[in-house]
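Visitor: A predicted structure for the sequence below; I have some questions about it.
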Amino acid sequence: MNKVYVLGGAQTDFERNWKKEGKGMVALLKEVMSDGLNEAGLSFDDVSELNRDNRIACFVGNFIAEKYTDQGHLGAFLTEVHPAFYGVPSARYEAACASSSVAIDAAQTKIKAGDYDVAVVVGWELMKTVDAIKGGDFLGRAAYYEKEGKGIELPFPKLFGKLADETLKKYSQLDRDRYLDALAKISVINYQNAKRNPLAQTRRWFMNYEQARNRGTETNPLVGGLLGVSDCSQVTDGAAVVVLCSEAFISERKIAGKPVLKGYGHRVAPMLFDKKIADSKSSAYILPWTRQAVLDAYRRSGLSVDDMDVFETHDCFTSSEYAAVSAFGLTEPGKEYEAIESGMISFTGTKPINPSGGLIGCGHPVGASGARMFLDLYKQVTGTAGGYQVEDVKNGMMLNIGGSATTNYVFVMGAEE
């Protein structure tokens with residue numbers, strides 16, 4: 001079966017508000033597609049040439065543009081970007097916050113099957129078209145809307161607040177204050193990392209440990225259960241492009257030094273949060289299907305946690321990153337605080353998580369987050385992450401979740417052996 005290589009890509013500046021600029025999705029896509037192809041060493045002429053030989057396809061990840069921008073049929077919208085995309089096979093993929101990971105999975109599958117030699121993946125979301133309350137209602141559709149979202153103000157902070165509650169219930173030996181302080185440390189790490197990232201939404205924001213741990217205050221109000229504003233990812237406009245290719249294309253173009261997609265995991269948990277918790281009773285893990293997706297990726301790659309030099313994870317809330325620590329295998333379940341308190345997951349730690357700033361620091365344009373994490377793995381493995389480059393990265397892993405950890409996607413990327 002064909003190897004899948006990563007040629008590169010680009011992301012937009014997640015600090016931008018495209019509505020305030022008077023720009024919409026076509027402008028967003030034109031900018032990121034032009035930059036993404038250029039960074040991958042391709043041009044629109046290359047797209048046209050590859051299309052004539054039926055060697056290229058496009059994969060679009062987006063969650064809910066029908067609400068935010070009143071537009072569907074998003075795969076075909078690439079024809080508005082450039083005439084080079086006329087005739088190019090393209091479709092939209094959706095799995096809530098994991099939408100662009102589904103698109104990446106479809107792209108790598110087509111390359112492995114030999115159907116195409118080049119796959120262009122773009123994930124995007126414009127979220128600042130509406131106010132926070134309406135946007136929160138839109139995002140409620142990533143859960144079971146009729147039962148978990150409808151009529152509930154900001155449903156996802158409440159769902160991940162429940163995850164915090166259930167974590168304390170499951171691991172009864174876990175001290176409440178120690179857990180909450182660990183969540184505060186996660187927040188601070190992500191905000192600090194974002195300051196190194198010139199495309200991060202919060203690179204100019206302030207957050208310190210004192211503010212993050214003092215929840216329920218004027219500067220850090222509670223938003224869901226035990227969680228405060230400091231525990232939340234951002235409302236973000238943005239897009240990210242990654243370009244995958246076959247071994248034949250690498251050989252044909254005499255391209256060297258590009259990383260390989262080494263493994264993946266994809267698992268779906270019960271839709272309702274309460275059913276997830278019931279399902280986890282017999283497992284040591286609070287999110288067993290997330291852990292299984294990680295194990296699948298390790299198995300397919302032939303690697304283990306010891307081989308991972310960096311992680312990008314879905315910190316939509318600090319409670320989700322906390323659960324990811326043991327899902328990755330960095331600690332035993334219930335002892336995630338050890339990796340946080342010891343500095344293991346900090347930028348200079350032995351297993352850094354989210355050097356990009358993650359969703360909390362870098363931003364979370366929902367349909368783009370999987371592609372953005374994938375792009376940041378590429379940057380780390382190729383040594384091109386600039387100010388947030390981790391030293392000596394050979395392999396990296398990312399976890400992207402959709403809904404309340406309902407859809408779980410994991411990818412392993414690394415230097416070719």
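Guide: Cool, got the structure.

Visitor: tell me the mean pLDDT for the helix or strand harbouring Lys67?
Guide: Lys67 is located in helix 65-68, with elements delineated by DSSP states H and E. Regarding helix 65-68, the rounded mean pLDDT is 98.

Visitor: same question for stretch 328-335.
Guide: Mean predicted confidence for stretch 328-335 is 98.

Visitor: give me the contact list for that stretch.
Guide: Applying C-beta atoms under 8 Å, 6 or more residues apart in numbering, the contact partners of stretch 328-335 are 170-171, 173-174, 284-286, 294, 298, 304-305, 308, 311, 313, 325-326, 336, 338-339, 344-345, 351, 397, 399. Just so you know, the C-beta spots here come from the backbone N, C-alpha and C atoms, and that holds for glycine as well.

Visitor: now do the buried residues in it.
Guide: Going by neighbour count (16 or more other C-beta atoms under 10 Å), the buried part of stretch 328-335 is 328-331, 333-334.

Visitor: leaving out sequence neighbours, find the closest residue to Ala143.
Guide: Leaving aside its sequence neighbours, Ala143 sits nearest to Gly149 (C-beta to C-beta, 6 or more residues apart in numbering; 5.0 Å).

Visitor: what residues are up against that neighbour?
Guide: By C-beta under 8 Å, 6+ apart, the contact set of Gly149 is 137, 139-141, 143, 155.

Visitor: next: Pro259.
Guide: Contacts of Pro259 (C-beta under 8 Å, 6+ apart): 5-6, 377-378, 381-382, 413-416.

Visitor: which neighbouring elements make contact with the helix or strand following the helix holding Lys67?
Guide: Sequence-wise, the next helix or strand downstream of helix 65-68 (DSSP H and E) is strand 90-93. For strand 90-93, the elements it packs on are strand 56-61, helix 99-112, judged by 3 or more C-beta pairs under 8 Å, 6 or more residues apart in numbering; DSSP states H and E.

Visitor: need those in CSV (columns: mean pLDDT).
Guide: Converted to CSV, the helices and strands packed on strand 90-93 look like this (pLDDT from 0 to 100):
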stretch, mean pLDDT
strand 56-61, 98
helix 99-112, 98
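
Visitor: most packed of the ones you listed?
Guide: strand 56-61 (a mean of 27; mean count of other C-beta atoms under 10 Å).

Visitor: list the strands paired with that one, with their directions.
Guide: strand 90-93 (parallel), strand 118-125 (parallel) (DSSP bridges).

Visitor: averaged pLDDT, the last one. What do you get?
Guide: Strand 118-125 shows an average pLDDT of 98 in the prediction.

Visitor: and the next helix or strand after it, what's buried?
Guide: Proceeding N to C from strand 118-125, the next assigned helix or strand is helix 132-139, under DSSP H and E. Going by neighbour count (16+ other C-beta under 10 Å), the buried part of helix 132-139 is 135-139.

Visitor: do the same with stretch 166-174
Guide: Buried residues in stretch 166-174, defined by neighbour count with 16+ other C-beta under 10 Å: 166-167, 170-171, 174.

Visitor: so where's this protein shaky on pLDDT?
Guide: For the chain, applying pLDDT under 70 flags the ranges 1.

Visitor: C-alpha coordinates for the helix with the most length in it, PDB please?
Guide: For the chain, the helix that runs over the most residues, judged by DSSP state H, is helix 176-194. Only the C-alpha atoms of helix 176-194 are listed here, as PDB (Å, rounded to 0.1, in the frame of the first residue of the first chain):
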ATOM      1  CA  ARG A 176     -10.500  18.700  43.900                       C
ATOM      2  CA  ASP A 177      -8.100  21.600  44.400                       C
ATOM      3  CA  ARG A 178      -5.200  19.700  42.900                       C
ATOM      4  CA  TYR A 179      -7.300  18.900  39.800                       C
ATOM      5  CA  LEU A 180      -8.500  22.500  39.300                       C
ATOM      6  CA  ASP A 181      -5.000  23.800  39.800                       C
ATOM      7  CA  ALA A 182      -3.800  21.300  37.100                       C
ATOM      8  CA  LEU A 183      -6.500  22.700  34.800                       C
ATOM      9  CA  ALA A 184      -5.200  26.200  35.500                       C
ATOM     10  CA  LYS A 185      -1.700  25.100  34.700                       C
ATOM     11  CA  ILE A 186      -2.900  23.700  31.300                       C
ATOM     12  CA  SER A 187      -4.500  27.000  30.500                       C
ATOM     13  CA  VAL A 188      -1.300  28.900  31.300                       C
ATOM     14  CA  ILE A 189       0.900  26.600  29.300                       C
ATOM     15  CA  ASN A 190      -1.300  27.100  26.200                       C
ATOM     16  CA  TYR A 191      -1.500  30.900  26.600                       C
ATOM     17  CA  GLN A 192       2.300  31.000  27.100                       C
ATOM     18  CA  ASN A 193       2.900  28.800  24.000                       C
ATOM     19  CA  ALA A 194       0.600  31.000  22.000                       C
END
